[in-house]
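> Got a sequence here, can you build the structure:
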Amino acid sequence: QVQLVESGGGLVQAGGSLRLSCTASGRIYSDYAMGWFRQAPGKEREFVCGINWSGEYTAYSDSVKGRFTISRDNAKNTVYLQMNSLKPEDTAVYYCAGDFTWHGNRVAVATTGYDHWGQGTQVTVSS
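All right, here's what the predicted structure looks like:
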């Protein structure tokens, strides 16, 4: 079994920055892609960004492109989400997700493309 633990959420003013981290542990048998999703109250969970196993390929939703950056440190089994120029509409619970089944360089954008999830971390952006 694999565990994902997020950290780094909090309260920030509009225009500010936050960095989220997600560390994987447990029975990891292959290289894996990672993603970040978010869910605001009353809304469905939505894709934010993802990164392939090597870090060579990334994908972003249009709403965060140019403001958020995903990266990873495979030596630490950790993926990061640097969030800049935050807006009130970025307020949500942020979840990291792992695709621990080998799919080559795929970066899934749907929740069904990931088989393990973290517990979520709250990000609140005040106006």
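
> Residue 95 and residue 54, how far apart?
Using C-beta to C-beta, to the nearest Å, we find residue 95 at a distance of 22 Å from residue 54. In this view, the C-beta of every residue, glycine as well, is placed from N, C-alpha and C.

> ditto for residue 18
25 Å.

> try residue 122
Applying C-beta to C-beta to residue 122 and residue 54 gives a distance of 30 Å.

> any idea of the pLDDT on the spatially most central residue of the chain?
For the chain, residue 36 is the residue whose C-alpha lies nearest the centre (C-alpha atoms, centre = their mean; 2.1 Å). pLDDT, the model's per-residue confidence, is 98 for residue 36.

> for residue 41, same thing?
Reported pLDDT at residue 41 in the predicted model: 93.

> returning to that earlier point: so residue 95 and residue 54 - more neighbours on which side?
More crowded of residue 95 and residue 54, by other C-beta atoms under 10 Å: residue 95, with 23 against 11.

> Quick check, the more buried one in contact with residue 45.
Yes. With contact defined as C-beta atoms under 8 Å, residue 95 reaches residue 45; the gap is 7.0 Å.

> Which residues are in contact with each of these two?
Residues touching both residue 95 and residue 45 (C-beta atoms under 8 Å, 6 or more residues apart in numbering) are 37, 38, 39.
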